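# Coordinates only, no sequence provided:
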């Protein structure tokens, strides 16, 4: 699991150096038998994460590895970050170029630095995520796809690419609250949790 952290002081070329290190490490992980490579999507966080366009990195990783699964942890689903159609399209392309090794994690964003920078209303992030998470799997199986909702309206369209190696692709959600675990179970999707609670590591 990578945040792609770049602590200060920053010097010319440090980000290129860090990305090359990540790619080399994932190639090694693939060779020695790791099952998953995950990265985040974050914006504006000068030291904590320099992984603002993970889908570009995933394309490079997919061509340098053979078996390790490539996990997006997470695609931010408020529409100001990523429209659900674009998320479904990018995930489908990655699934094709990686020979079916894509896992899509989703979330709603956590920091005001990021939300303010994209003009995201914190009060609507959960509702936007909930609507988007219901749309994305349908785009991979319905042709044409259409949707009329609170935040998104899509007239009948072919979302391309749609079906390829795995029409029903593995999906996950970021969870930090106890109620989120139940919601993930109700939706039938996996849980991504990095919290430590007492002596139990979730």
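All right, it came through fine. Everything numeric here is computed off the predicted structure, so don't read it as measured data.

# residue ranges for the helices of the chain, please.
14-32, 54-64, 84-97, 112-117, 125-139, 178-187 (DSSP state H).

# Would you mind reformatting the ones you listed (as a markdown table) and adding columns for mean pLDDT while you're at it?
Putting the helices of the chain into a markdown table (pLDDT from 0 to 100) gives the following:
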| stretch | mean pLDDT |
| --- | --- |
| helix 14-32 | 98 |
| helix 54-64 | 97 |
| helix 84-97 | 94 |
| helix 112-117 | 96 |
| helix 125-139 | 94 |
| helix 178-187 | 77 |
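
# will you turn those into a markdown table that also has mean neighbour count and distance to residue 48?
In this view, the C-beta of every residue, glycine as well, is placed from N, C-alpha and C. Formatted as a markdown table, the helices of the chain follow (neighbours: other CB atoms under 10 Å; distance: least, CB to CB, whole Å):
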| stretch | mean neighbour count | distance to residue 48 |
| --- | --- | --- |
| helix 14-32 | 14 | 13 |
| helix 54-64 | 17 | 14 |
| helix 84-97 | 21 | 23 |
| helix 112-117 | 15 | 10 |
| helix 125-139 | 19 | 19 |
| helix 178-187 | 13 | 22 |
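
# could you say what helices and strands the strand ranked longest in the chain packs with?
Identified as the longest strand of the chain according to DSSP state E is strand 69-76. Counting by 3 or more CB pairs under 8 Å, 6 or more residues apart in numbering; DSSP states H and E, the packing neighbours recorded for strand 69-76 are strand 36-39, helix 54-64, helix 84-97, strand 102-107, strand 171-174.
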